[in-house]
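A.B. asks: Pasted the sequence and its predicted model underneath.
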Amino acid sequence: MRAVVQRVSEAWVRVDGREVARIGAGLLVLLGVGQGDGDGDADQLAEKVVNLRIFADDAGHMNRSLLDVGGELLVVSQFTLYGDARRGRRPSFVQAAPPVEAERLYRRFIAQAEAAGPRVASGVFQAMMDVGLVNAGPVTILLDSGRAF
């Protein structure tokens with residue numbers, strides 16, 4: 001699984017011009033599920049996200065997690081995180097998981113994150129979405145359950 005984690009002061013998702021999710025201060029996670037990913041990947045990545053220390057402590061150092069600051073989480077599925085554009089100009093998405101398995105693991109990630117305690121909102125799986133955010137910092141972290149980066 002891959003995640004683009006952005007620290008935000010607010011974020012939202014719209015589908016067909018209608019807002020379907022919104023959070024205040026916290027994290028926006030764009031989540032991609034790859035071929036061969038399983039329950040362990042979803043569990044490990046959810047635990048990593050909610051405990052990632054990228055919020056400032058009293059001294060201004062990135063030392064607090066989403067749980068420490070009481071932040072919210074917005075999770076948006078994004079299979080294009082598995083786009084491979086190394087050859088040619090049109091990305092290949094063959095490394096992305098099939099939709100049924102991707103949705104199952106996307107929902108497992110959300111459930112695991114919710115179980116840790118924060119309020120979790122989500123986009124609509126396989127929908128064309130408009131995602132808006134105010135990136136606080138800016139802070140953007142890339143995560144991969146297979147530790148590719």
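C.D. replies: Received the coordinates, thanks.

A.B. asks: tell me the pLDDT at the residue nearest the centre of the chain?
C.D. replies: In the chain, the centroid-proximal residue (C-alpha atoms, centre = their mean) is Val29; its distance is 2.1 Å. pLDDT, Val29: 98.

A.B. asks: next one: Leu105
C.D. replies: 98.

A.B. asks: how about it, phi and psi?
C.D. replies: The phi/psi pair for Leu105 (degrees, to the nearest 10) reads phi -80, psi -30.

A.B. asks: OK, contacts around it?
C.D. replies: Going by C-beta atoms under 8 Å, 6 or more residues apart in numbering, Leu105 touches Met1, Val33, Asp37, Gly38, Asp39, Asp41, Ala42, Ala97. Using the backbone N, CA and C atoms, a C-beta is placed for each residue, glycine as well.

A.B. asks: ok, the last one touching Leu31?
C.D. replies: The reference is to Ala97. No - applying C-beta atoms under 8 Å as the test, Ala97 and Leu31 come out as separate, 11.2 Å apart.

A.B. asks: Name the residues contacting each of those two.
C.D. replies: By C-beta under 8 Å, 6+ apart, Ala97 and Leu31 have no common neighbours.
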